[in-house]
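>>> Build me a structure from this.
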Amino acid sequence: MKTPLVSIITINYNTPAVTGALLQSLSLITYPNWEVIVVDNASPQYSSAELKKDFPFIKHISSPVNTGFAGGNNIGLHFAKGEYAFLLNNDTEVTPDLLTILVAHLQQHPECGIACPKIKYFSLPDTIQYAGAVGLHPLTSRSYDIGALQKDNGQFNDIRKTDLPMGAAMMIPVSLVKKVGVMSEMFFLYYEELDWSARFKKAGYEVHYVGTTQVFHKESVSTGKNSAFKTFYLFRNRLLYIRRNYRGWRWLIATSFFVLISTPVHFLKHAVKSEWGHSKSIIRALRWNIKHDPFTEPAIHSSSVATQLSTD
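Model (predicted):
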């Protein structure tokens, strides 16, 4: 098997200790040809720049602007030299054979645009978070992850086409990124990988789940497990995804359900618990979608930021 260069890209935002744990696990990878690009997304307090001392093999990029998950990864892609890019959350840890298996899969399956490993919970290493996903429901625009919260007894050690990737760990041929384009930075956080995969599918490529390897995920370290910040982006971006990807009756049905049913129900659920920050976030999410065109990228974009940066 050929061993083309793999560019591993991860984003740090104020959590260098978490990023350092990932880098420690990456240092044990058995695949012989890889680089690691760490993009610090304008961390207000705790930059990852100091990690260069303990992990001299990394390429470190300090962005002066937080362009979100999509923008940070796009900056990393700008500097990537590899034939394959592996986008990996900083709150994950990997197994030594991870790259070997994913690269082999992509080499053998040119129809695959995005390959994702099995993802399990770091705090519950025998419990599955993602073993592929069932696509967005035409009414609710919600998906669900196959195998979620099940004990891993090898029942998902298969390889198959799946509807959706999981942004925590995705390997993509860089040649296809050049063809399909980078992630939309309108999303900033959440749903960007779903929108990206929709574009890959429109270009004729598939999403594959590769259950013969695994990643361990420390869920929601950066954003908090139950924050108004998270609520805003989840609600804002679910509607944004609908606006960008649905047409005709599907658009009308999904939008109507979201605005007339899902939004009031969740608003009241948070209000009953006196979680006013969450309720306000839902209203802000609706207002944002009213004011913004779904295809106009942010004025401050990673492409303009990246051209002014260099690696450390």
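>>> neighbours around the closest residue to residue 100 other than its chain neighbours, how many?
Leaving out its chain neighbours, the residue that sits closest to residue 100 by CB to CB, 6 or more residues apart in numbering is residue 31, at 4.7 Å. For every residue, glycine as well, the C-beta is placed using N, CA and C. Residue 31 is flanked by 16 other residues according to other CB atoms under 10 Å.
>>> try the one 5 residues further on
By the criterion of other CB under 10 Å, residue 36 has 22 neighbours.
>>> Phi, psi for it please.
The phi/psi pair for residue 36 (degrees, to the nearest 10) reads phi -120, psi 130.
>>> The one 10 residues further on now?
Here is the backbone geometry of residue 46 (degrees, to the nearest 10): phi -120, psi 90.
>>> just checking, it touches residue 15?
Yes - with contact defined as CB atoms under 8 Å, residue 46 and residue 15 form a contacting pair (6.8 Å).
>>> Those two - which one has more neighbours?
More neighbours surround residue 15 than the other of residue 46 and residue 15, with 19 against 16 (other CB under 10 Å).
>>> For that one, give its distance to residue 44.
Between residue 15 and residue 44 the distance, using CB to CB, to the nearest Å, works out to 12 Å.
>>> Over to residue 260?
Plainly put, residue 260 is 38 Å away from residue 44 if you go by CB to CB.
>>> Burial check on residue 268, number of neighbours?
Counted with other CB under 10 Å, the burial measure for residue 268 works out to 11 neighbours.
>>> Sort out which residues of the helix or strand harbouring it are buried, please.
Applying DSSP states H and E as the criterion places residue 268 in helix 263-272. Under the neighbour-count criterion of 16 or more other CB atoms under 10 Å, helix 263-272 has 263, 266, 267, 270 buried.
>>> start to end distance for stretch 114-127?
Its start and end residues considered, stretch 114-127 measures 23 Å (CA to CA, to the nearest Å).
>>> Can you tell me the strand partners of the strand ranked longest in the chain and which way each runs?
Scanning the chain for the strand with the most residues, using DSSP state E, yields strand 206-217. Sheet partners assigned to strand 206-217 using DSSP bridges are listed as strand 92-94 (antiparallel), strand 112-121 (parallel), strand 159-162 (antiparallel).
>>> winner for burial among those?
Greatest average neighbour count among the strands paired with strand 206-217 goes to strand 112-121 (a mean of 24), per mean count of other CB atoms under 10 Å.
>>> what's the average pLDDT for that strand?
Summarised as a single mean, pLDDT over strand 112-121 is 98.
>>> what does stretch 135-150 give?
Throughout stretch 135-150, pLDDT has a mean value of 91.
>>> Same question for it: list its buried residues.
Of the residues in stretch 135-150, those buried by neighbour count under the rule 16+ other CB under 10 Å are 135, 136, 141, 145, 146, 147.
>>> Next one, pLDDT for the closest residue to residue 286 other than its chain neighbours please.
Computed as CB to CB, 6+ apart, the closest residue to residue 286 that is not its neighbour in sequence is residue 263, at 6.5 Å. pLDDT, the model's per-residue confidence, is 92 for residue 263.
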